[in-house]
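Asks: Mind looking at a prediction? Sequence and model below.
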Amino acid sequence: MEAQARGLLETEPLQGRDEDTVASADFPSMLSEEEREELKAELVQLEDEITTLRQVLSAKERHLVEIKQKLGMNLMNELKQNFSKSWHDMQTTTAYKKTHETLSHAGQKATAAFSNVGTAISKKFGDMRSHSIGYSIRHSISMPAMRNSPTFKSFEERVETTVTSLKPQTKEDGFCCSLDQF
């Protein structure tokens, strides 16, 4: 008897053989007629309560739709509101703020770099015009000779330096670019 009582109080998980024993047990035959009737009554009561709750929920959902219609709220307005809220929530995240700040800084640096390139091009063409005194570039210098000229080499180096400095360097986390070199 004591071994049997100890078996009922075991705290170890069921083993395969234990599960087979439980599955093959005939629980209805273990219940008294009175217990069986109580469980059947409780089952009927729970099913009735579930049905009632579903009806109440359905009525409340219909009432909700009616109120929204009276207020002029429809699916499209709700989607717009949800989208606006989600967009606002995303914009307030730290990741978004850091990315926005980095891209803004990169844009400012790129604008400055392109402005410098434009100024350098204008200056170089101005220098070339003042040296040619009335002759067009086509007549004053051939393309191969122009490519080897100190002015063209200087311009080419500035463009290469600018392009290299604008290329982002990926951080180890792979999320953001380092723009400290600007």
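Replies: Nice, thanks for sending it over. Just so we're clear, the structure is a prediction, and the values are computed from it rather than from any experiment.
Asks: Tell me, how many residues neighbour Arg158?
Replies: 16 (other C-beta atoms under 10 Å). Where you see a C-beta, it was placed from the backbone N, CA and C, and this is true even at glycine.
Asks: how about it, phi and psi?
Replies: Per-residue torsions, Arg158: phi -60, psi -40 (degrees, to the nearest 10).
Asks: Next, count neighbours for the spatially closest residue to it that is not a sequence neighbour.
Replies: Nearest residue to Arg158, sequence neighbours excluded (C-beta to C-beta, 6 or more residues apart in numbering): Ala120, at 5.5 Å. By the criterion of other C-beta under 10 Å, Ala120 has 15 neighbours.
Asks: how much space between Ala120 and Thr164?
Replies: With distances taken as C-beta to C-beta, to the nearest Å, Ala120 is found 16 Å from Thr164.
Asks: just Asn148 next, same as before
Replies: Distance from Asn148 to Thr164, by C-beta to C-beta: 22 Å.
Asks: Could you do Ser29 as well?
Replies: 86 Å.
Asks: who's more crowded, these two?
Replies: Shown here are Ser29 and Thr164; by other C-beta under 10 Å, Thr164 has more neighbours (9 against 6).
Asks: Model confidence for that one, exactly?
Replies: In this model, Thr164 is scored at 76, pLDDT.
Asks: Could you name the helices and strands sitting against the helix or strand harbouring it?
Replies: If you go by DSSP states H and E, Thr164 is part of helix 150-166. Helices and strands touching helix 150-166, by 3 or more C-beta pairs under 8 Å, 6 or more residues apart in numbering; DSSP states H and E, are helix 94-132.
Asks: my guess is the residue nearest to Arg158 contacts Phe155, does it?
Replies: Yes: look at Ala120 against Phe155 with C-beta atoms under 8 Å: they come within range, at 6.4 Å.
Asks: quick one: buried residues of the helix holding Thr164?
Replies: The neighbour-count check on helix 150-166 (16 or more other C-beta atoms under 10 Å) flags Phe152, Phe155, Arg158, Thr162 as buried.
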